[in-house]
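In: sequence-free structure coming up:
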């Protein structure tokens, strides 16, 4: 592997876990973090990074690869501000939860060299809580790491191929997908479930507050449905902003299904709807 130094911008759950996973997989190069000073100090204590800086320009100095593992808004900001100043031999990839706007910005920054300079990515792994304290060297093992290549980009060639190989070496499966399709599918499979969980938890909080009887009665189904409501707004704000059309469409379709259920609580159509839902898992 030719990467001698990797800079991870955002050493929280995803960035910190990637650093720990790379170390566990035998990466011998230097890993530099870019984050707040207190986060970098904790990442050093955990052995995730060798050094770091809160200044992106300093953090990327000397690196062959930059992994952007921040919320989507910060990824877009990094590409705009720092991307044009990166040396021609520096490769950039990201772990953003939406991809279309990021790929558009990458094309604007790197132009005709985008296929050699930037690889869009999204690891389908995580927890409901974020932060370097939650970082786990095995977070990506058995997971999928989605890639949204630029036009003409080969996932097996050059630096791009080396990063994909590293992702597979830490236990993830690399899957190629178009950026627009990625955002629509994720709106249904990830963003919609988050919004449903958040809405349900907010409704329960507003209706019952800290009612001890509700807490006692609420079983496994309620816990599973509301678990991800603990996810931070700071991450989901940018997802909503950069995938609002797809999320709005998914929410509208779900609203229609819920209205259909409400209107058919006493009719045979309720059974039919359950049967449709059952078929999803068959």
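Out: Arrived safely. Owing to the predicted nature of the structure, the values given are computational and were not obtained by experimental measurement.
In: most centrally placed residue in the protein?
Out: residue 97 (3.9 Å; CA atoms, centre = their mean).
In: can you show me the helices along the stretch 151-282 of the chain?
Out: Assignment of helices within the stretch 151-282 of the chain using DSSP state H, counting those that start in this stretch yields the ranges 158-169, 179-186, 192-208, 212-217, 220-226, 233-242, 244-263, 269-280.
In: out of those helices, flag the one nearest residue 37.
Out: Closest approach to residue 37 among the helices of the stretch 151-282 of the chain is made by helix 233-242 (18.3 Å; CB to CB). No exception for glycine: its C-beta is placed from N, CA and C like everyone else's.
In: what is the closest one packed up against?
Out: In this structure, helix 233-242 packs against helix 72-81, helix 100-110, with contacts taken as 3 or more CB pairs under 8 Å, 6 or more residues apart in numbering; DSSP states H and E.
In: okay, those in TSV with mean neighbour count, mean pLDDT and distance to residue 41 next?
Out: Listed next are the helices and strands packed on helix 233-242 as TSV, based on neighbours: other CB atoms under 10 Å; pLDDT from 0 to 100; distance: least, CB to CB, whole Å:
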stretch	mean neighbour count	mean pLDDT	distance to residue 41
helix 72-81	19	95	20
helix 100-110	19	96	29
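In: now render the ones you listed as a markdown table, adding distance to residue 205.
Out: A markdown table is the format used below for the helices and strands packed on helix 233-242 (distance: least, CB to CB, whole Å):
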| stretch | distance to residue 205 |
| --- | --- |
| helix 72-81 | 27 |
| helix 100-110 | 32 |
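In: which stretch among those helices comes nearest residue 224?
Out: Between the helices and strands packed on helix 233-242, helix 72-81 lies closest to residue 224; by CB to CB that is 26.5 Å.
In: which strands and helices lie in contact with that closest one?
Out: Counting by 3+ CB pairs under 8 Å, 6+ apart, helix 72-81 packs on strand 65-68, helix 100-110, helix 233-242.
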